[in-house]
Every structure is written in structure tokens, then in C-alpha cells.
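No sequence on hand, only this structure:
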């Protein structure tokens, strides 16, 4: 049972099998229908953001309030005990006495996992370095399934910084539970790491690595974009040569299927032109909408009695 | 009807006619009587302070809790998505999915108006650059009417930085709906801007511009002070010459009418001597008190079903 | 009666006589049993942290939510009105209109006392400079009595920076109400200040000052550690010579009584080795647990009708 299996929290997308995903998607859909409940009345969520994140933090807080609970926490900039030299372990062993569940974001890849080793309460990984961001990937799946129905048979492109991008790491792992055709679209410098690809191959995921999304755009059902950061390039000439492959423009929409959907975890800078926003195919703001029912479902599983 | 007219939010004092003002003043007076209600039970207010403001932020948050609702938000210093380069439009289209109403403060004059163009939920302008601060002006009117009864016939001085001061901009616009005699008291460098005066003249407001408040102090019913900032002066000699006109001292109280009232939006630095605080004529801390019922009335109008 | 006596708040451990301490300990023990209540439903706590403190702030906030109340506030880094030059007195006279009780932390020793002079609502001192931190000392006593029963007859060492450490100041004052044998263990540079010792002698407290805790470790029932900061030493050679006296290591446990308890207000840096954590004698994380019922008891006394 989900509640039992995830008793220690949600650290990685690798914890999820297909049944777990279907279960939490179905719970999220129930949450869409009931805006407010008192399911977590009296419960306290702690949001420990060692690294800043407006969107994810506010999304968890909103979800917690919609469930009737309360929130304490800190966000980078006011982490005084850290400045005084406290370890993550000590912070967790303190805050677990103040709360019923801890959401943690940290710049180090293993931070959430380490926190869960020390904690008596469930830990939710809200982004750990370049590693994972499992709840984002879950809300991405909710968005895709709400828009397109089943995942099976879809052609899905993941594009951008696949090396350091934690959202695409978690999303590709979740997708490996389904019968999808994946395209990993990135500059050579920012390809998926070998260890990540090894895992996906073990799961017999069907994927191809390419650099130019326009070559396959007309076959895609979903394109999931992330930021490409200029500073990640050793060779700036290389960056200048390829950067246009990674900007989605209004004219690109013309090459897409009728049911094509464009996703992005946000925030975006300039990788999607603003004139793409008004298309029905652009669902990146819907993703922020679906973040609330997904996180309500997750928080409810973590804390309900 | 107020609720309908202000469905998109409160952006400017110019939205208000006399009936709107009377309506919201009357709703505020009802709120003074009921400290706590559950009118906004289950609702979420987002407070997006791109520019810092302890007082206004805490006032809105307190008002929201007194109505039974919850609050999410950020304040300058932890605005991570902004640092990542996100536009206001994208922030709004995200946060509207997390909340039922958005309070926004920003250093740019048109920020709140732009936010309201993109938002599906009501936007409340909590200070936009040197432009406006309409809810402060409404609580100022509540304070004056609670202290002195009717506005009509009052002699009201607005003093300080009339060029950049957003509270005096909004307050003068609200006052233009009433039959008051206004005095705009400031150094020549910091006089009300022409476009602001043009608007007030169109409304046939009766005002005079002067530099020394002591020349008319004994005729005033209300003096509304704001800070004068030394750094706004090109000619520091000029500043030294006139600075004493803009400090209110205990002895100044002797020249005032029995029902004279001294207001200030706070925070103050040294423009009102501390020994003036104990006078019954000093009502600047009462203004902070009246901020709660006014903001409760506003939030209730924006969010109740 | 406690409620009456502390109507203006909790500023100093010196306000407490033995009966007051026994009363609030007993109320705290009741709070351990009831995790959630609605005792402070509709009440608002303001947490004004002019100086950062993750632990104390989150502890008060969690306690307030467990009692059914709400929280507003700021923490260093976003104190905009202060940057604009506002005095503490003005901040208090503003925030008292937004809340039912104010928790204040400030880098100045007299800040909380001054705040209580101006406030209409109760003030709780959550750490004022090098002065006091009374609610920490109360939760320390709760921890000791829960672990060891009565305080009377105990040998209690307070170790570390006794000159600037506010927790040890408040704790020693509370302990002076009981029949304990105290050891003040510190480098000569960081001994308890004369004015503090004068007060304790007037109360006829039985204490000794020593520098090396290992000489008395086997006689102690309780060792209360705090950080020693290298930068406090004029003579670094002196620091190097003595620093090992102030690190508690696993082998030190062997020299302790069966019922020995090691406390620390946290955060710690390296003054307690991590391999000491797993001992039953280490209760510093239990202190964070007991912080919640103690602060619930305190908040309830301050705000209940």
C-alpha cells in the first residue's frame, strides 16, 4: 500500500512502480474536485528551503492550507542555524519535533536522502542539487494524462539541460514505467549522464538522443522543455552555433500534431517565446495548476492518520 | 455594486467614486466591531512583495487571519524565481493557481496594473513605485472620519515628498471626491507632479501649494505628514535652509485647533518629534489600528463568495 | 497568579520565583499530553526576529499552530521598516495592532524590556543580545525534570561562554530558586560577569567557578554545554591550550554517573562529537522536543481569555 511503502517519504522517482504512479494520479484527480478539505487539520508541514524556490515552496504551502493544515519553515536568506555551522542532520532532528512532515530543498544531491535517514517524520524531496525533483515529475505526469489520457504509446521529448536538470531526471525515471518513446534532446555537452541512462536501459526504456528538436517535432505528442544555461558551455562558439535549437517559437507550433502539448517546469527565461503562451498546446501554466492537487494528494498520503 | 466593479482588484484610487468610498468605509466600521470571523475560511491570500514592506505586509496578513483565511507569499530577499529572470506576468500566472487573491508591492509604477491584466484572481496594489498605494489612502480616510466625522469642509494639509510619495498621490485622489480644502506642503523640488495636479484640477479639487506649514497650521483640521529625504535634493544648502519646515515639534501643537489631527503613514525617522506622540492629536498609531478593519473589509469584498 | 503576574510578558528569568517555575512546568506537562488544542483559536502571534534564529522562531510558530492560533512576523533579512530607520518603539506600537502577543529577538540586551514598556500586548523575550533567553531556560528545566525528577540536590555544570551566553544567564537565574550545586565551567576570559554572580550570591546560590570540566565530570548529574567562540579570545595561544577542555567526546561518557544528562541549547558546531548523540545520556534533541509544550504553556498563559 502506498501509505506504508512511502512511510519514510518521497526521495526519488525510483521508488515508484507503475501501480504507485497510477494510485497517486488517481488520488490527485480526486483532489481536483475538492478544493478544500480538513483532512490535515492540526498537522504542521515544515518547508526547509536551503536553496531558494518560490514556485515549489508556495505550491506546497498552498496545498497544505487547502488540506486544513499549517506551515512553518525557512527559505535561503534566513537560515541562521546553518550560518552558525549546523549540520543537516541536526537541523532535521530539531525540526522533526516541530512538524509532522518535512519538505526539503538543498543544493546537494544527496541531501534529501540523508535527511530521511535521520528523520522520524516523512521527508519529501523538493529538489536536491542536480539529482531529483520527484514531486515535479509527478505533477508533470498528471498534466500529461489530464491533457492526453493514457501515457502509453506517446512520443515524448525531454529537452534542454539533461545533465544537470533535476526535473528531467525524475521525469524520465517515472516515464520508464510506461510504454513511451522518449527523445532526449540536448547539446552534446548537456546529455543525460551515463548512470541515468544505464538505469533507464535496465528498465528497458525506449529512448533516442538527438540535438535538434525540429527534426522530430512533427512526430511528438509532448515536448518537455527546460532551460539551457549559457554558463554551462566551455566553448561559447559552440553555444552560439546551437542555441536556436533550444528556443521554441510561434512558427514551431505549425509543425506540431493537433494534440501536441508543450510543457516546462518554469521559471522560463527566453527559451519559449511569449507569443506561444496563448496556444491551447501550451500547458506550462496548467502544470502550476496541477501542482496543487498532486501535492495535496502527496501530503495527504504522508500525514493522514 | 462594489464587489462587481472591483472584481479585477484595487489598482488605483482613481477607481473610486464617492459612493465606493462610503461603502468601503461603512464595511470597515462593521469590521471594527467583529474582531474575528470565518468569512474567508479556506481562502488563500498571496502577498508578493517584490519590494520590502514590513508594515503593509503584516497588516494584510493579520487582516486575512482575522477573517479565517490563510496566507502564502514572499518578500524581497527570497524572490528566487525573479532572480532566475522570470517576468511578473509569469509569476502572476503561476501564483494565481495557488491563491484566491494577490497583494502585490513592486518598485515599478505600473506593476500592479500589469499584474491585473494577466490575473484570473483579484489584484490588490500594495504600493507600486512612486505611483499609488490605494489601501493606505483608504485607511487614512477611515482614520480621519473615525476621528472627525465627515470629510466635507475640512482643511487638510499633505506634507513632505509630494513628488515621489505614493501615499499622498492616492490620498489626494480619494479626497478629490469630497468637498475639502487641500494644502500641498513641500519644498519646490518635491511638489506634486503636473500630471497629478492636472487630474485633481479636472476633478475640481480645491488646493493650494505652499512650502511652510507653520503659516497655515492654525487653520488645519488634518496634517498628513510623510518623509522628506535629504538625498532627493540637488542643492544641499537648499535642504539645510528649509528642513525645519518639515519637522513637527511639540511646540507646534500649541498652534493647532482643538480638533486638529496629525497623521503619518509610518515609518517615520525624525520628521515628528517623539514628544508629540502622547498628544491626543497624534493619530499615526491609530492609523495602523484602522489598517486592519479596512483591509479586512477590502479582502472580504475581493474574496467572499 | 501567573497569568496576572506576567500580564506584561516574559522578559527575564528574574521575574520567576519557585512557584512560578513549578506552575509553568506543570502546565507544560499537561501540554505534552494534548498535541493539538483550539485554546488560541483566532489569536495572532507576532514573531519579530531582528536577529536571525531558525530554531527558536520555528519552535514558537509550531507551538502557536498546535494551539489553534496564527502567526505573522519577520526575520532578519526582510526587516524593511528597520532599514528605513524606524525605532523599536514605533515597530512595537504598530505590530501590537496586528497581534495578541509579540515574541521579540534582538541583538541589543535591553530590547525586549524596552518593547514591553511600549506594548499594550504581552512581550516574550526570545533572546536579547548577551542578556537573557528565559523561555530557553524554562524548556531546559522541563527537560531536566522530565529526565531526572526533582532539581533539588543535583550537581549541575554550565559550560562554555558564560560571559556572553544568554541561555546560561537565564538558566543560572532560574536554578538559583532551587537547592542545586552549580559549577560554572569556562576559560577565564569567558567567566560569568560580576553583576550576574552578584545576583546569584544574593540569592545564596551555591556555585563554583572552574576551567576544566573533566575534573568534576564524575560528580555531575547534568552538564549544560554551549559554544565557545574562538574569536572571543585575545590570546589565541591561550585558546589552543585550553580548547580541548570544551569538547565533549565519546570517551568522556565513561566517566559519568549512570543518570548523567548532557544538554546543549543548539546549534552546536564541534563542541559535542557526533558519536555522543546516540547515548541515552545525550538529551539535546529532547530539549527541542520539550520546547514545544513549554512554549505552548507560555503562549496559552499570555493569550488565553
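In hand now; what should we look at? Keep in mind that this is a model prediction, so the values were computed, not measured. Numbers count the residues shown, from 1 in each chain, chains lettered A, B, ... in the order given.

which regions of the stretch 51-200 of chain A sit below the pLDDT cut-off?
Low-confidence segments of the stretch 51-200 of chain A, defined by pLDDT under 70, span residues A:77-85.

On the three-state scheme, the closest residue to chain B within it is what?
When you check the stretch 51-200 of chain A against chain B by CB to the nearest CB, the closest residue turns out to be residue A:52, at 3.1 Å. From N, CA and C alone the C-beta is placed, and that goes for glycine too. Using DSSP: H, G, I helix; E, B strand; the rest coil, the structure places residue A:52 in coil.

Surely it touches residue A:75?
Yes: when contacts are counted by CB atoms under 8 Å, residue A:52 is listed as touching residue A:75 (5.9 Å).

any idea which helix or strand carries residue A:4?
Using DSSP states H and E, residue A:4 sits in helix A:2-5.

And for that helix, what's in contact with it?
The set of residues that contact helix A:2-5 without belonging to it, under CB atoms under 8 Å, 6 or more residues apart in numbering or on different chains, is A:15, A:20, A:23-24, A:301, A:304.

what is the mean pLDDT for that helix?
What helix A:2-5 shows for mean pLDDT is 91.

any idea how far that helix is from the chain center?
Helix A:2-5 has its average C-alpha position 21 Å from the chain's average C-alpha position, going by CA atoms, centre = their mean, to the nearest Å.

Quick one: mean pLDDT for the helix or strand following it?
The first helix or strand that comes after helix A:2-5 along the chain, using DSSP H and E, is strand A:9-10. When pLDDT is averaged along strand A:9-10, the result is 98.

In terms of secondary structure, what does strand A:9-10 contact?
Helices and strands touching strand A:9-10, as assessed by 3 or more CB pairs under 8 Å, 6 or more residues apart in numbering or on different chains; DSSP states H and E, comprise strand A:123-128, helix A:284-303.

Each with direction, which strands does that strand pair with?
Using DSSP bridges, strand A:9-10 pairs in its sheet with strand A:123-128 (parallel).

Count the residues that sit near the residue of the stretch 201-305 of chain A found nearest chain B.
In the stretch 201-305 of chain A, the residue found nearest to chain B is residue A:267; the distance is 3.7 Å by CB to the nearest CB. The tally of other residues near residue A:267 (other CB atoms under 10 Å in any protein chain shown) stands at 21.

Let me see the domain layout of chain A.
The record's domain parsing of chain A by automatic domain parsing lists A:2-131+A:291-303, A:134-287.

how about the helices of chain A, start to end?
Secondary structure of chain A, counting by DSSP state H: helices at A:2-5, A:18-33, A:54-66, A:80-83, A:88-95, A:111-118, A:134-148, A:166-175, A:194-202, A:236-242, A:284-303.

So which residues on chain A come close to chain B?
Counting by CB under 8 Å from any CB of the partner chain, chain A comes close to chain B at A:35-36, A:52-55, A:58-59, A:61-62, A:65-66, A:75-78, A:266-269, A:274, A:285, A:288-289, A:291-292.

If any of those residues are buried, put those into a PyMOL selection.
Those of the residues of chain A next to chain B that meet the burial criterion (16 or more other CB atoms under 10 Å in any protein chain shown) are gathered into one PyMOL selection, given here:
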select buried, chain A and resi 52+53+54+55+58+59+61+62+65+66+75+76+77+78+266+267+268+285+288+289+291+292
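
what's the residue closest to the geometric middle of chain A?
Central residue check for chain A by CA atoms, centre = their mean: the C-alpha nearest the mean position is that of residue A:136, 2.2 Å away.

residue contacts, the residue nearest to that one when sequence neighbours are not counted?
Closest residue to residue A:136 in three dimensions, ignoring its sequence neighbours and counting by CB to CB, 6 or more residues apart in numbering or on different chains: residue A:167, at 4.9 Å. By CB under 8 Å, 6+ apart, the residues touching residue A:167 are A:133, A:136-137, A:140, A:226, A:265.

switch the cut-off to 6 Å
Residue A:167 makes contact with A:133, A:136, A:265 under the criterion CB atoms under 6 Å, 6 or more residues apart in numbering or on different chains.

Specify which member of those is nearest to chain C.
Using CB to the nearest CB, residue A:133 comes nearest to chain C of the contacts of residue A:167, at 23.7 Å.

residues contacting that closest one?
The neighbours of residue A:133, taking CB under 6 Å, 6+ apart as the test, are A:127, A:166-167, A:170.

same thing with residue A:106?
Residue A:106 makes contacts with A:50-51, A:128, as judged by CB under 6 Å, 6+ apart.

What number of neighbouring residues does the closest residue to it other than its chain neighbours come out with?
Closest residue to residue A:106 in three dimensions, ignoring its sequence neighbours and counting by CB to CB, 6+ apart: residue A:50, at 4.4 Å. Applying the criterion other CB under 10 Å, we find 19 residues in the vicinity of residue A:50.

ok so, going back, thought the residue of the stretch 201-305 of chain A closest to chain B was touching residue B:86?
Yes: using CB atoms under 6 Å, residue A:267 is in contact with residue B:86, at 3.7 Å.

Overlap of the contact sets of these two?
When contacts are counted by CB under 6 Å, 6+ apart, residue A:267 and residue B:86 have no shared neighbour.

quick one: contacts for residue A:51?
By CB under 6 Å, 6+ apart, the residues touching residue A:51 are A:76, A:105-107.

Residue of the stretch 201-305 of chain A closest to chain C, please.
Going by CB to the nearest CB, chain C is nearest to residue A:305 of the stretch 201-305 of chain A, at 11.6 Å.
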